[in-house]
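J.: here is a sequence together with a model predicted from it:
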Amino acid sequence: MATLANDIALTSSAAARVAAIAVKQNRPAILRLSVEGGGCSGFQYKFGFADAPESGDVVVETDGVRLVVDDVSLDLVRGASVDYVESLGGAAFKVDNPVAASGCGCGTSFSV
């Protein structure tokens, strides 16, 4: 398990939302971000809660909340920031990914 704050970031807004969900679900405040093949642009982001970091995960912590990313997914999101945004269209976690060459309108898939 490595901690490399320059590789990926979790905003305070996202950390607060993860903490609130974790309390409601009685789970640790650990958000897992992974990248899978699929979506309309080739790759898609997948979010879920983790019980603990796994071997090979990169871990960053913001306001007591941890974001974990496996080493394979990290290559596709290196330098990204995970945020939580609320708008008239709804609320969601958003990845600002500098590695992505293009993305879809919904913001959940991208290509490199």
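T.: Nice, thanks for sending it over.
J.: tell me where this protein has helices.
T.: Taking DSSP state H as the test, the helices found in the chain are 12-25, 71-77.
J.: nearest to residue 51, of these?
T.: helix 12-25 (11.0 Å; C-beta to C-beta). In short, each C-beta sits where N, CA and C put it, glycine included.
J.: enumerate the positions of the closest one that are buried.
T.: For helix 12-25, burial by neighbour count (16 or more other C-beta atoms under 10 Å) applies to 13-15, 17-19, 22.
J.: circling back to that earlier point, need the helices of the chain in CSV (columns: distance to residue 91).
T.: Below are the helices of the chain laid out as CSV (distance: least, C-beta to C-beta, whole Å):
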stretch, distance to residue 91
helix 12-25, 8
helix 71-77, 21
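J.: got those as TSV, with distance to residue 90 and mean pLDDT columns?
T.: Converted to TSV, these look like this (distance: least, C-beta to C-beta, whole Å; pLDDT from 0 to 100):
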stretch	distance to residue 90	mean pLDDT
helix 12-25	13	97
helix 71-77	22	91
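J.: quick one, phi psi at the most far-flung residue of the chain relative to its centre?
T.: Among residues of the chain, the one most distant from the C-alpha centroid is residue 88; the distance is 21.9 Å, by C-alpha atoms, centre = their mean. Main-chain dihedrals, residue 88, degrees, to the nearest 10: phi -60, psi -30.
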